[in-house]
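Asks: this is the structure alone, sequence omitted:
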């Protein structure tokens, strides 16, 4: 079973990826936008995907990919770490990164 350390290693190998937090939880960002983070479900991570890709993933591999009510309406798909192999995980993280990296950089937040 992949761990958060495996997620970290895969995510930080991507260009300009940075480790930070979002809502007090660990995450990885590119261009100021999160592409992987821990979520509200234990032993799962949140990745980003367009709606069509999310729907395809959750239909094809429902034991691995899912969405909770909290993430409905967001371009996100959750990944069960205890159900995914490392190659599949790496591919999902890379796809999430590519999806977010293609978006314009996030505007700095006002404090």
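Replies: Yep, that arrived. Just so we're clear, the structure is a prediction, and the values are computed from it rather than from any experiment. Residues are numbered from 1 along each chain as shown.
Asks: for residue 82, give me its contacts.
Replies: Contacts for residue 82 (C-beta atoms under 8 Å, 6 or more residues apart in numbering) come out as 1, 43. (C-beta placed from N, C-alpha, C; glycine too.)
Asks: retrieve the pLDDT associated with it.
Replies: pLDDT, residue 82: 96.
Asks: what is the longest helix belonging to the chain packed up against?
Replies: What stands out as the longest helix in the chain, according to DSSP state H, is helix 86-101. With contacts taken as 3 or more C-beta pairs under 8 Å, 6 or more residues apart in numbering; DSSP states H and E, helix 86-101 sits against helix 4-12, strand 25-30, strand 33-38, strand 44-48, helix 51-60, strand 76-80.
Asks: what's it in contact with?
Replies: By C-beta under 8 Å, 6+ apart, helix 86-101 touches 2, 6-7, 10-11, 14, 16-17, 30-31, 33-36, 47-50, 53, 57, 64, 75, 77, 79, 81, 84.
Asks: what's the closest non-adjacent residue to residue 96?
Replies: Closest residue in space to residue 96, ignoring its immediate chain neighbours: residue 47 at 3.8 Å, by C-beta to C-beta, 6 or more residues apart in numbering.
Asks: distance of the most centrally placed residue in the chain from residue 108?
Replies: The centre of the chain sits closest to residue 47, judged by C-alpha atoms, centre = their mean, with a distance of 1.8 Å. Going from residue 47 to residue 108 by C-beta to C-beta, to the nearest Å gives 24 Å.
Asks: check residue 90 too.
Replies: Here residue 90 is placed at a distance of 30 Å from residue 108 (C-beta to C-beta).
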